[in-house]
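A.B. asks: let's see this in three dimensions:
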Amino acid sequence: KAELSFLDRDLLEKAATYAARLQNAAAPGGRTLDQLRFTGRQAISNKNGALAEADFAALISLLPGDQDAWAGLSVAQMLQQPKQWQERQTKQENATSSAINAYLRSIGNIERSRALDLIGTSLANRQQWKPAIKALRAGLALDEQPGLRRRYDQMVAEHGFRIVDHTVAADAAAPRICLVFSDKLQGNADYAPYVSVTGSGTTAVETEGSQICIDGVMHGERYRLTVRSGLPASDGEVLEKSAELNIYVRDR
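C.D. replies: Numbering: from 1, shown residues only. The predicted structure follows:
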């Protein structure tokens, strides 16, 4: 559990409650462990999430410590897209709980990485982007897989800490360029080492909320801004990739 410190305590508590409930609720119906595992995997291959969920839940009732069964259950729940909003929300929450239980029962790095991938994917389905990104990042640290890396990079580019816009105050007597970030910045941090400006004039870097502003730029001039990776947000996240922007300050 300590390794999942990036998750809210509520998620961990729900996972524990779900595990206790599932051990007493599902019924194997006379089938053996091998039969349940086989039919569950076959149902996932056929994209039949409901059938796979029933099989893996029954398997867990017999083997509550089976990591593979918990992982399969999470996949089965994510395959389902009920039309009713409440039912769909429940499936998404249970998929996260199942993925967390899969991680808590993992042994080797490959199992742990797979479970973290499931945690991140289930949280992304719920649009909980920050913990989803952290889960995928932790999974990559254990097992660098190309597919996981691609999905992680895409998630960071679309929902991680990043530059989302820039503005140019060209109508002012003293124009300025501001870079807008997706998250609030550290108010007392010196961001000048992370930002370099190429162009006319003597420039200065200032921080305002979620913006880094460049003062000292001139009308009618073009500037190249380089924002270096490692630039920190207020919550400890950092800019993973450097960015370059070519910006023109029009005449007043």
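A.B. asks: all strands of this structure, in order?
C.D. replies: Along the chain, counting by DSSP state E, strands occupy 163-169, 176-181, 195-198, 204-208, 211-215, 221-227, 243-249.
A.B. asks: who's in contact with the first one?
C.D. replies: Outside strand 163-169, the residues within contact range by C-beta atoms under 8 Å, 6 or more residues apart in numbering are 175-182, 227, 239, 243, 245, 247-250. Yep, even glycine has a C-beta here, placed from its N, CA and C like the rest.
A.B. asks: now for the longest helix along the chain, which elements pack on it?
C.D. replies: Ranked by residue count under DSSP state H, the longest helix found in the chain is helix 85-104. In terms of contacts (3 or more C-beta pairs under 8 Å, 6 or more residues apart in numbering; DSSP states H and E), helix 85-104 is packed against helix 9-25, helix 67-79, helix 109-125.
A.B. asks: any idea how far it is from the middle of the chain?
C.D. replies: 16 Å (C-alpha atoms, centre = their mean, to the nearest Å).
A.B. asks: now stretch 18-30
C.D. replies: With C-alpha atoms, centre = their mean, you get 30 Å for stretch 18-30.
A.B. asks: hmm, Glu93 is touching Ala15, no?
C.D. replies: No. Glu93 is beyond contact range of Ala15, at 9.7 Å (criterion: C-beta atoms under 8 Å).
A.B. asks: the two: which is more packed in?
C.D. replies: Ala15 (26 against 17; other C-beta atoms under 10 Å).
A.B. asks: so who does the more buried one touch?
C.D. replies: Ala15 makes contact with 96-98, 100-101, 104 under the criterion C-beta under 8 Å, 6+ apart.
A.B. asks: export those to CSV and tack on pLDDT and neighbour count?
C.D. replies: Formatted as CSV, the contacts of Ala15 follow (pLDDT from 0 to 100; neighbours: other C-beta atoms under 10 Å):
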residue, pLDDT, neighbour count
Thr96, 98, 29
Ser97, 98, 27
Ser98, 98, 32
Ile100, 98, 28
Asn101, 98, 26
Leu104, 97, 19
